Each structure stands twice: as structure tokens, then as C-alpha cells.
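Participant: quick one: sequence and predicted model below, then my questions.
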Amino acid sequence: MRLSEAIRLGATLRPQAFGNYFKDGGSCALGAATEALGFRSDEYAVQIYAALIDKFDDVYCPGCPDCGQSFRNLRMISHFNDDHRWTRERIADWVELHEPQPLPEFECLTPEQQEALNAI
């Protein structure tokens, strides 16, 4: 599964939140991605964020189209979500243009979660 796909899938599960992975019954773009992978709490989100940094955070992205600031990939996603209030679907569209590879395998997935991911 690609990060853009995980954001899109997770965005269908709850309303959008800002400033935290999960807040007030909603999720930010990265929270949506972690939930699509079967993790529904901030506890797992921190572990997944660390794994995503290894895969996606090795280069700076083009400047933000709204303000020109540049960040590494994952920080740019948070910037779009929290600072500019982009929809998670719009963020996923941007990620799709810049993502280098599928999401990593996570050893903490249950067999059912891994099977669900493989089916997508």
C-alpha cells in the first residue's frame, strides 16, 4: 500500500482533525494513514511515524504551493493538514506525486491486518 492510498482510505473512517493524530473523534492525514493500517491510537502512531521517516523523509519536498516553505516529506503533510487545513484527499493527491515507494511492512500487524493490507 502506498502512503497516498492509506491517507485516502483512512480519511473515509472519520472526520478530519488538526494538531494531533487523533483528536475529538477525528484524524489528521497521518492519523488517517495509520488507522488505515489498522492502528487506532496515538501509541502506535508514534511507532509508525518513525518507520515512515525511514522510508519517506530522506529528501526535501518542493516548496509548499500555498506559502513556499519547504520541509521534509512527513512534516510537509502535517503542514498541509494543520497550517493550511487542506483536506486529506488533497494531501493524498500531493503525496501521490512525491511518494517514492510502498509503505514498509510492520511486524506489529496481526495476520488479519496484514491480509487486509495485501488485499488492497
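Facilitator: It's in. Numbers count the residues shown, from 1 in each chain.
Participant: Arg8 belongs to a strand?
Facilitator: No - counting by DSSP: H, G, I helix; E, B strand; the rest coil, Arg8 is located in no strand; its state is helix.
Participant: got the contact list for it?
Facilitator: Counting by Cβ atoms under 8 Å, 6 or more residues apart in numbering, Arg8 touches Arg88, Glu89, Ala92. Bear in mind the C-beta positions are built from the backbone N, C-alpha and C, glycine included.
Participant: quick one: the second one and Ala11 touch, right?
Facilitator: Yes - with contacts counted by Cβ atoms under 8 Å, Glu89 reaches Ala11, the gap being 6.0 Å.
Participant: where do the helices sit along the chain?
Facilitator: The residue ranges that make up the helices of the chain, judged by DSSP state H, are 3-11, 29-36, 42-56, 73-78, 88-98, 111-119.
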